[in-house]
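# Following is a predicted model, sequence given first.
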Amino acid sequence: MAIRMILTYPDYAQPLRYPCAPVPEINDRVQQLVLDLKDTLSGHTDGIGLAAPQINFSQRVVIVRFDIGNGERRKFGPPIALINPTILEAKDERRDYDGCLSFPNLFGETVRPHYLRVSGLDEEGNHFERVFEGFDAVTVHHEIDHLDGVLFIDRIENKQDLYRVIKNKAGELVRVPIESEKR
């Protein structure tokens, strides 16, 4: 098991902003990278996706845990690798929740497609073309952004859309806008 450190912003802004190189072939190093991503994500129960640049590898590899819940409550399955993912079609853009392991306890509302058609390779090197919808599409889009050096904060339209989640005096989770922290 190889749990890697997740690079955080702003300390590691440069590697997080650098566009990643395509994976030329599926070999032992790429398969180890996939395992490292899975192990690292498993160590962060609040995460549902992770991209190679977040653990300081500039390769076009992401892993994503897809929603297998019944619609009322989200439940996420095991992580699936997407290698050299390419967006073929994106539509149905809407505002939705966004967060990132590289921005601990920072969340926001971003506009992302809720329908994606993506091609790429799985971890065995098999070509796939797949449609992702709803929050799964949001998650895949977020992770592919990482491969292009785009961070979720780049998609925040207003600073008022950024917030932290804390427990109030009653023990309930509440959103606290970042702007109110400065006061």
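Now that the structure is in, tell me what you want to look at.

# ok now the host helix or strand of residue 129, how far from the chain's centre?
Per DSSP states H and E, residue 129 falls inside strand 127-133. From the chain centre to the centre of strand 127-133 is a distance of 17 Å (Cα atoms, centre = their mean, to the nearest Å).

# Send over the next helix or strand after it as CSV, restricted to the C-alpha atoms.
Using DSSP H and E, the next helix or strand after strand 127-133 towards the C-terminus is helix 135-147. What follows is helix 135-147, C-alpha atoms only, in CSV (Å, rounded to 0.1, in the frame of the first residue of the first chain):
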residue,chain,number,x,y,z
PHE,A,135,-23.0,14.2,-10.1
ASP,A,136,-20.8,11.5,-11.7
ALA,A,137,-20.4,13.8,-14.7
VAL,A,138,-19.5,16.7,-12.4
THR,A,139,-16.9,14.5,-10.7
VAL,A,140,-15.3,13.3,-13.9
HIS,A,141,-15.2,16.8,-15.3
HIS,A,142,-13.5,18.1,-12.1
GLU,A,143,-10.9,15.4,-12.3
ILE,A,144,-10.2,15.9,-16.0
ASP,A,145,-9.8,19.6,-15.3
HIS,A,146,-6.9,18.7,-13.0
LEU,A,147,-5.2,17.1,-15.9
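
# Summarise which helices and strands helix 135-147 is packed against.
strand 49-51, strand 61-67, strand 76-99, strand 107-121 (3 or more Cβ pairs under 8 Å, 6 or more residues apart in numbering; DSSP states H and E). Quick note: C-beta positions are derived from backbone N, CA and C, even for glycine.

# Among those, which comes closest to residue 32?
The closest approach between residue 32 and any of the helices and strands packed on helix 135-147, judged by Cβ to Cβ, belongs to strand 61-67 at 10.8 Å.
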